[in-house]
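Asker: how would this look folded up:
(4 chains)
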There are 2 protein chains.
Amino acid sequence: MSDEQVAAPTNRRRISQRGIATRDRILEAANLLMLVRGVNATTLDDIREASQTSKSQLYHHFADKQELVRALVRYRGALVLQRERAGLERLRSFSGLVRWRNALVQANSLNNGKYGCGLGSMTLELSDQDEQARSALSETFAAWERLISDGLHRMRDSGLLRQDADPEKLATGLMAALQGGYLLANAAHNVAPMEVALDMALEHIRSFLVQPSEEPTR
Amino acid sequence: MSDEQVAAPTNRRRISQRGIATRDRILEAANLLMLVRGVNATTLDDIREASQTSKSQLYHHFADKQELVRALVRYRGALVLQRERAGLERLRSFSGLVRWRNALVQANSLNNGKYGCGLGSMTLELSDQDEQARSALSETFAAWERLISDGLHRMRDSGLLRQDADPEKLATGLMAALQGGYLLANAAHNVAPMEVALDMALEHIRSFLVQPSEEPTR
DNA sequence: CGTCGGATGGACTCCAAGGTCCCGTTCTCG
DNA sequence: CGAGAACGGGACCTTGGAGTCCATCCGACG
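Answerer: Next comes the predicted model:
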């Protein structure tokens, strides 16, 4: 799934190809299990079993569970940013935002709103428990918002958005709507609230278009 | 703090005043600890110590930890709805919404965005782990949104909001912005994202005012 | 083709946290 | 005021999960 090494391994003297593969297998298993069950509710034995490894390998690659979790934060952050970069780096029009919205809604509707955003779900669990994880998550959110705000900047520079639009604030609002939408969708096991939330944020951005009637929301 | 019995005790044959007090002390301790550390990271011994009770009392009032958590979900739900009812049941103008926004921001800024919303923080941790808790949380969110949408309905009926405004969708969007704002504020340990998110949602509602320039956002 | 260090399997230890139990105290009601 | 039930303290049991250790395997390189 992720043959491209997406999160840099911690500096170690030598590491073989096989070692990297095992490490990735562990991270991938932790990724899936912790998304579904939550970080604290996932045991190392669960991960060991799902990744077809053993205790010694877990502790060979990670100092302890906390380090594994921190590595997972980086891993997920890299995955999300990689995915989002693909969808946002060419953003130049409002309809591009709508397509981005649709992709997220589509993905989340596949499991009826369950599980939510990989980053958001860790945030509430870790932010008051592991300062290092919290700040990493915060930076990832900032980078994600920057991908959005960069796109909005391009739209403003090309004359699509009015000059008084504030790309940073619009991006923050959109991110909040996305995360809140994930949360409500997760609570309701239904994507609808996420759609409503994203549509609100898009409408708000649309109100800053020079030609507000450029195209409908969907 | 909560002498008024805010969450009905489970039906039991006899229960004394002292018993209720103990039960409430346990819930109150669980409320605080689990808000700060998260549900799974809080142990019964922590709660026992903080509430000045003993193991037998915990198990006298609650069948097991899961039941305690479920009781806490109801307890928090009742507290939030009680607080929100006070702030929203008289909502009749846009400036009322602004005051509501300011109160939430003010409260959250007291601890630099930490901890987040009592309901939201439980949601991501419990929704994929305890179906009963999930549906209770979902219903609480729905009731909360209804408090908002009722106010918006009153504003629409009195001619403040345009007829094409959809109070339910606006309320959902506002709730998503609030929860997403809490989450980002928690990640950043800074209220600013929450303010931006709420302002976006309020701007969106304002765009449905008959007199959009009625008053500024703050 | 031998050896050395990383990679691996899996048994083992230890402890914390959930849950049980027993016995004494206090309340309530007839 | 006596019986029975609710209330309370705290020792104890049990389990599961984090973390350790060591023997073995593999593979790269001289």
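Asker: the residue positioned nearest the centre of chain A: what secondary structure?
Answerer: Centrality entry for chain A: nearest residue to the mean C-alpha point is residue A:80, 4.2 Å, by CA atoms, centre = their mean. Classification of residue A:80 using DSSP: H, G, I helix; E, B strand; the rest coil returns helix.
Asker: need the contact list for it.
Answerer: Residues near residue A:80 by CB atoms under 8 Å, 6 or more residues apart in numbering or on different chains: A:117, A:118, A:119, A:140, A:144. C-beta coordinates here come from the backbone N, C-alpha and C atoms, glycine included.
Asker: just residue A:119 next, same as before
Answerer: Residue A:119 neighbours (CB under 8 Å, 6+ apart): A:76, A:77, A:80, A:137, A:140, A:141, A:144.
Asker: near the second one, how many other residues are there?
Answerer: Neighbouring residues of residue A:77 were enumerated by other CB atoms under 10 Å in any protein chain shown; the total is 22.
Asker: dump the C-alpha coordinates for the helix or strand that contains it into PDB.
Answerer: Residue A:77 is part of helix A:65-88 when elements are defined by DSSP states H and E. What follows is helix A:65-88, C-alpha atoms only, in PDB (Å, rounded to 0.1, in the frame of the first residue of the first chain):
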ATOM      1  CA  LYS A  65       4.100   2.600  22.600                       C
ATOM      2  CA  GLN A  66       4.300   6.400  22.800                       C
ATOM      3  CA  GLU A  67       7.000   6.500  20.200                       C
ATOM      4  CA  LEU A  68       5.000   4.300  18.000                       C
ATOM      5  CA  VAL A  69       2.000   6.600  18.300                       C
ATOM      6  CA  ARG A  70       4.200   9.600  17.500                       C
ATOM      7  CA  ALA A  71       5.600   7.800  14.500                       C
ATOM      8  CA  LEU A  72       2.000   7.100  13.500                       C
ATOM      9  CA  VAL A  73       1.100  10.800  13.800                       C
ATOM     10  CA  ARG A  74       3.900  11.600  11.400                       C
ATOM     11  CA  TYR A  75       2.900   8.700   9.100                       C
ATOM     12  CA  ARG A  76      -0.700   9.800   8.900                       C
ATOM     13  CA  GLY A  77       0.300  13.400   8.600                       C
ATOM     14  CA  ALA A  78       2.500  12.500   5.600                       C
ATOM     15  CA  LEU A  79      -0.200  10.400   4.000                       C
ATOM     16  CA  VAL A  80      -2.900  13.100   4.400                       C
ATOM     17  CA  LEU A  81      -0.700  15.800   3.100                       C
ATOM     18  CA  GLN A  82       0.400  13.700   0.200                       C
ATOM     19  CA  ARG A  83      -3.200  12.900  -0.700                       C
ATOM     20  CA  GLU A  84      -4.300  16.500  -0.200                       C
ATOM     21  CA  ARG A  85      -1.400  17.900  -2.100                       C
ATOM     22  CA  ALA A  86      -2.500  15.900  -5.100                       C
ATOM     23  CA  GLY A  87      -6.000  17.300  -4.800                       C
ATOM     24  CA  LEU A  88      -5.200  20.800  -4.000                       C
END
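Asker: so which bits of it are buried?
Answerer: A:65, A:68-81, A:84, A:88 (16 or more other CB atoms under 10 Å in any protein chain shown).
Asker: the residues you listed: which ones sit near DNA strand C?
Answerer: Among the buried residues of helix A:65-88, proximity to DNA strand C is found for none (CB under 7 Å from any atom of the strand).
Asker: what's the burial count for the residue nearest to residue A:54 when sequence neighbours are not counted?
Answerer: Leaving aside its sequence neighbours, residue A:54 sits nearest to residue A:48 (CB to CB, 6 or more residues apart in numbering or on different chains; 6.3 Å). Using other CB under 10 Å, residue A:48 is surrounded by 17 other residues.
Asker: picking that back up, next, check the contacts of residue A:80 against the helices and list the overlap.
Answerer: A:118, A:119, A:140, A:144 (DSSP state H).
Asker: which of these sits closest to DNA strand C?
Answerer: Ranked by distance to DNA strand C (CB to the nearest atom of the strand), these are led by residue A:118 at 25.0 Å.
Asker: from memory the closest one sits against residue A:35, does it?
Answerer: Yes: shown here, residue A:118 and residue A:35 form a contact pair, counting by CB atoms under 8 Å, at 5.7 Å.
Asker: per-residue pLDDT of residue A:21, please?
Answerer: Note for residue A:21: predicted pLDDT of 87.
Asker: now do the SS call for it.
Answerer: Under three-state DSSP, residue A:21 comes out as helix.
Asker: neighbours of it, how many?
Answerer: 12.
Asker: next: the one 5 residues further on.
Answerer: Residue crowding around residue A:26 was assessed by other CB under 10 Å; the count is 25.
Asker: close to DNA strand D: what parts of chain A are there?
Answerer: Neighbours of DNA strand D within chain A, by CB under 7 Å from any atom of the strand: A:16-18, A:42-45, A:55-56, A:59, A:64-66.
Asker: okay if I get these as JSON lines plus pLDDT?
Answerer: Output for the residues of chain A next to DNA strand D, formatted as JSON lines (pLDDT from 0 to 100):
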{"residue": "A:16", "pLDDT": "75"}
{"residue": "A:17", "pLDDT": "79"}
{"residue": "A:18", "pLDDT": "81"}
{"residue": "A:42", "pLDDT": "96"}
{"residue": "A:43", "pLDDT": "96"}
{"residue": "A:44", "pLDDT": "96"}
{"residue": "A:45", "pLDDT": "96"}
{"residue": "A:55", "pLDDT": "93"}
{"residue": "A:56", "pLDDT": "92"}
{"residue": "A:59", "pLDDT": "95"}
{"residue": "A:64", "pLDDT": "95"}
{"residue": "A:65", "pLDDT": "96"}
{"residue": "A:66", "pLDDT": "96"}
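Asker: now these in a markdown table, with secondary structure?
Answerer: Formatted as a markdown table, these follow (three-state DSSP):
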| residue | secondary structure |
| --- | --- |
| A:16 | coil |
| A:17 | helix |
| A:18 | helix |
| A:42 | coil |
| A:43 | coil |
| A:44 | helix |
| A:45 | helix |
| A:55 | helix |
| A:56 | helix |
| A:59 | helix |
| A:64 | coil |
| A:65 | helix |
| A:66 | helix |
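Asker: buried ones only from those residues, please, as a PyMOL command.
Answerer: Those of the residues of chain A next to DNA strand D that count as buried under 16+ other CB under 10 Å are selected in PyMOL with:
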select buried, chain A and resi 42+44+65
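Asker: wait, which of the residues of chain A next to DNA strand D is closest to DNA strand C?
Answerer: Distances from DNA strand C to these, taken as CB to the nearest atom of the strand, are shortest for residue A:56 (2.8 Å).
Asker: cool, thanks, signing off.
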